[in-house]
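Engineer: dropping a prediction and its sequence here:
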Amino acid sequence: MNLNLNTIIRWPRSQFRFVGIFLVTLLFFGGPSHGQELATYIEEAITNNPNIQAVEKQHAISLEKISETNTLPDTEISAGYMVGTEMPMMQQGEFSVMQMLPWFGTIPARGDYASALADADFLEIEIAKRKIAMVLSQSYYRLYQIAKKQEVLESNIQLLQVYERMALTSVEVGQASAVSVLRLQMRQNDLMERKLVLEQDYAAELTAFNKIMNRSEIAEISIADSLIMPETDVEIDFANLSLHPELRKFEELNKVVSQADALNKKESAPGFGVGLEYMLYNEAPNMLMPMVSLSIPIFNKKYKSIAKQNKLQHEALDIQKQASENSLIAELQTAVRNRNAARISFDTQEKNLIQAQNANEILLKNYETGTIDFREVLDVQELQLNFQINRIEAIVAYFNQVSIIDYFTGTN
């Protein structure tokens, strides 16, 4: 930013006022918002993130297990043939085949059990997608915060350079000491250091963001020019938490236990088998004999124990669901509280920035009369910088909490 010192000295008051307002407005509020929508990044992350892909593979395995249940036990085939001296009327050989069959309805019960497991695994996909959306959004907002802080620091450095030139002019005419110039230069050095550190922070966060999307860590992204605080906050209906996949999963797990109990009853019933045996004789006609077998679970303590375990499992799942629901309500309430606190902080910083703007105008007017105190300039500049940083942190905190609320309410 190149400015002629003589021009500065001869600026009329109205121009001083205009420049002051322009600089403060530029530093505080930024330009219009544009760039690739965060939703596009979320969609790409959901498609490519390895965690989601792993959960989807697990669901595919669960679906395949449904086909596995539609099978019968292995068919048993046996054969025997006598080798050696043949004796009259003796059986020379035999061939048999036997197929065991489960009790009626057992195979469909196994399929229902496997389907219930697949439905429970499917909810894991939805949970993983919501978590990825939340984590990626928060990483995006951290990148925005770092980028905006860098812009604020750069703008303040340029502003301090203007003040430094003003101080140099004042020193030449005996209206300020060289110490004022040194203070302004040291302040610039401090801001430059903070800006360089933020560059490292941005690089690290960009790597984290890209890895969530499963792409090269150096791939560049488009960050919005500004985040706009909505005029009103979305009302949260806590009743909608009952639809959260973390709670719906307990319902699906209860169905799994119910299907396991139904399958246990089928498997505790007798089993039977059918088969054929063909016998070869030396001097008699060969014989074909149909066979039927029956297996009766006389000692059925195993099935009674499984039934009791299933009942206890139902009770445990109900308790776990209540505990999870309480935790979700508490976390959602905390997110709402933090969102509201961020809005309060944002509104406060807006007011502070207006007052800082007024203070800046007063200092510029004093410069016309040659009574400017550059210690006050530094104080006001530091206040302005703090308000700018706090404003950025407040709006990022607001949207971070919104991403958490979206995770719970499913409104992302």
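Structural biologist: Received the coordinates, thanks.
Engineer: and stretch 82-91, end to end?
Structural biologist: In terms of CA to CA, to the nearest Å, the two terminal residues of stretch 82-91 are separated by 8 Å.
Engineer: and the host helix or strand of residue 61, what other elements does it pack with?
Structural biologist: Residue 61 is part of helix 50-69 when elements are defined by DSSP states H and E. The helices and strands touching helix 50-69, judged by 3 or more CB pairs under 8 Å, 6 or more residues apart in numbering; DSSP states H and E, are helix 106-172. C-beta: built from backbone N, CA, C; applies to glycine.
Engineer: average pLDDT for the helix it packs on?
Structural biologist: Predicted confidence along helix 106-172 averages 93 (mean pLDDT).
Engineer: helices and strands around it, which ones?
Structural biologist: helix 5-10, helix 13-29, helix 38-48, helix 50-69, helix 178-212, helix 245-267, helix 374-409.
Engineer: if we use 10 Å, what do you get?
Structural biologist: With contacts taken as 3 or more CB pairs under 10 Å, 6 or more residues apart in numbering; DSSP states H and E, helix 106-172 sits against helix 5-10, helix 13-29, helix 38-48, helix 50-69, helix 178-212, helix 245-267, helix 301-369, helix 374-409.
Engineer: can you lay out the ones you listed as TSV showing mean neighbour count?
Structural biologist: Output for the helices and strands packed on helix 106-172, formatted as TSV (neighbours: other CB atoms under 10 Å):
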stretch	mean neighbour count
helix 5-10	12
helix 13-29	15
helix 38-48	16
helix 50-69	14
helix 178-212	16
helix 245-267	18
helix 301-369	15
helix 374-409	20
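Engineer: possible to save these as a markdown table with mean pLDDT?
Structural biologist: Listed next are these as a markdown table, based on pLDDT from 0 to 100:
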| stretch | mean pLDDT |
| --- | --- |
| helix 5-10 | 34 |
| helix 13-29 | 38 |
| helix 38-48 | 93 |
| helix 50-69 | 91 |
| helix 178-212 | 94 |
| helix 245-267 | 93 |
| helix 301-369 | 92 |
| helix 374-409 | 93 |
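Engineer: go ahead and confirm residue 263 touches residue 112.
Structural biologist: Yes: contact criterion CB atoms under 10 Å: residue 263 and residue 112 qualify, at 7.6 Å.
Engineer: between those two, which contacts overlap?
Structural biologist: 69, 105 (CB atoms under 10 Å, 6 or more residues apart in numbering).
Engineer: hmm, back to that, mind putting the helices and strands packed on helix 106-172 into TSV with distance to residue 101?
Structural biologist: What follows is the helices and strands packed on helix 106-172, written out as TSV (distance: least, CB to CB, whole Å):
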stretch	distance to residue 101
helix 5-10	99
helix 13-29	78
helix 38-48	45
helix 50-69	15
helix 178-212	52
helix 245-267	12
helix 301-369	19
helix 374-409	49
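Engineer: go through those and name the closest to residue 274.
Structural biologist: helix 245-267 (18.9 Å; CB to CB).
Engineer: just checking: what are the partner strands of whichever helix or strand comes after that closest one?
Structural biologist: Sequence order places strand 271-281 as the next helix or strand after helix 245-267, per DSSP H and E. The strands beside strand 271-281 in its sheet (DSSP bridges) come out as strand 91-101 (antiparallel), strand 287-295 (antiparallel).
Engineer: so which of those is the most surrounded?
Structural biologist: Sort the strands paired with strand 271-281 by mean neighbour count, taking mean count of other CB atoms under 10 Å, and strand 91-101 sits at the top with a mean of 16.
Engineer: who's in contact with that strand?
Structural biologist: Residues contacting strand 91-101 (CB under 10 Å, 6+ apart): 72-83, 86, 107, 271-284, 286-289, 291-293, 295.
Engineer: do the same with stretch 140-148
Structural biologist: 30, 35, 38, 41-42, 197-206, 208-209, 212, 221, 223-227, 388-389, 391-393, 395-400, 402-403.
Engineer: and residue 175, what element?
Structural biologist: According to DSSP H and E, residue 175 maps onto no helix or strand at all.
Engineer: quick check: it vs residue 373, distance?
Structural biologist: Between residue 175 and residue 373 the computed distance is 10 Å (CB to CB, to the nearest Å).
Engineer: looking at these two, which has the bigger crowd around it?
Structural biologist: A direct count of neighbours by other CB atoms under 10 Å for residue 175 and residue 373 places residue 175 higher, at 16 against 12.
Engineer: right, and that one touches residue 372 too?
Structural biologist: Yes: counting by CB under 10 Å, residue 372 is a contact partner of residue 175 at 7.8 Å.
Engineer: intersection of neighbour lists for the two?
Structural biologist: residue 167.
Engineer: what comes up buried for stretch 166-173?
Structural biologist: 166-167, 169-171 (16 or more other CB atoms under 10 Å).
Engineer: only the C-alpha atoms, please, for it, written as PDB.
Structural biologist: Taking C-alpha atoms only, stretch 166-173 is exported to PDB below (Å, rounded to 0.1, in the frame of the first residue of the first chain):
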ATOM      1  CA  MET A 166       2.500   9.200   9.600                       C
ATOM      2  CA  ALA A 167       4.700   8.900  12.700                       C
ATOM      3  CA  LEU A 168       7.800   9.500  10.500                       C
ATOM      4  CA  THR A 169       6.300  12.700   9.200                       C
ATOM      5  CA  SER A 170       5.400  13.700  12.800                       C
ATOM      6  CA  VAL A 171       9.000  13.000  13.900                       C
ATOM      7  CA  GLU A 172      10.300  15.200  11.100                       C
ATOM      8  CA  VAL A 173       8.200  18.200  12.300                       C
END
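Engineer: how far off centre is that stretch?
Structural biologist: How far stretch 166-173 lies from its chain's middle: 55 Å, per CA atoms, centre = their mean, to the nearest Å.
Engineer: now stretch 258-267
Structural biologist: Its chain's average C-alpha position is 37 Å from that of stretch 258-267, according to CA atoms, centre = their mean.
Engineer: still on that earlier bit, what's the farthest-apart pair in the buried residues of stretch 166-173?
Structural biologist: For these, the maximum inter-member distance is 9.8 Å, found between 166 and 171 (CB to CB).
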